[in-house]
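**Q** Pasting the sequence and the predicted model now:
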Amino acid sequence: MTKNKTPEKPVDHIEIDFDKTPILYTDNVNITSNKSGVVLNVMQRFRNTNHLQVVARVGMSREHAKNFVEKMGRLLIMTSENSGNSKDLN
């Protein structure tokens with residue numbers, strides 16, 4: 001059985017409010033999954049201790065997680081060759 005997949009529309013515009021959307025640094029990620037999806041617990045080490053603090057939680061479908069991993073891998077390969085320059089893989 002095959003699923004009818006609707007084609008994704010290209011994104012025309014991404015809006016971001018830099019005052020309300022900070023970049024959260026992470027040095028640890030805890031990943032859990034089940035048959036419905038994946039949750040990323042993005043964490044930072046708390047000062048110079050062995051304590052971790054969750055700074056963000058991101059949930060996504062398993063299909064989205066697979067797509068994320070694929071695009072992240074491609075981005076890391078591309079940017080390692082270009083001194084870490086930012087790329088948009090949408």
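**A** It's in.

**Q** Now do the same for the residue nearest to the spatial centre of the chain: helix, strand or coil?
**A** Of all residues in the chain, the one closest to the mean position by C-alpha atoms, centre = their mean is residue 68, 6.3 Å from it. At residue 68 the chain is in helix, as set by DSSP: H, G, I helix; E, B strand; the rest coil.

**Q** ok, it - contacts?
**A** Residues in contact with residue 68 (C-beta atoms under 8 Å, 6 or more residues apart in numbering) are residue 60. Where C-beta positions appear, they are placed from N, C-alpha and C, glycine not excepted.

**Q** So it versus residue 62, what's the distance?
**A** 10 Å (C-beta to C-beta, to the nearest Å).

**Q** What ranges does the chain have for its strands?
**A** When secondary structure is read from DSSP state E, the chain shows strands at 28-33, 37-45, 52-61.

**Q** any low-confidence regions in the protein?
**A** 1-7, 82-90 (pLDDT under 70).

**Q** For residue 79, grab the count of nearby residues.
**A** 13 (other C-beta atoms under 10 Å).

**Q** Apologies, that question was intended for residue 65.
**A** Burial of residue 65 is recorded as 18 neighbouring residues (other C-beta under 10 Å).

**Q** Please name the bridge partners of the spatially closest residue to it that is not a sequence neighbour.
**A** Sequence neighbours aside, residue 38 is the residue nearest to residue 65 in space, at 4.2 Å (criterion: C-beta to C-beta, 6 or more residues apart in numbering). Per DSSP bridges, the residues bridged to residue 38 are residue 33, residue 60.
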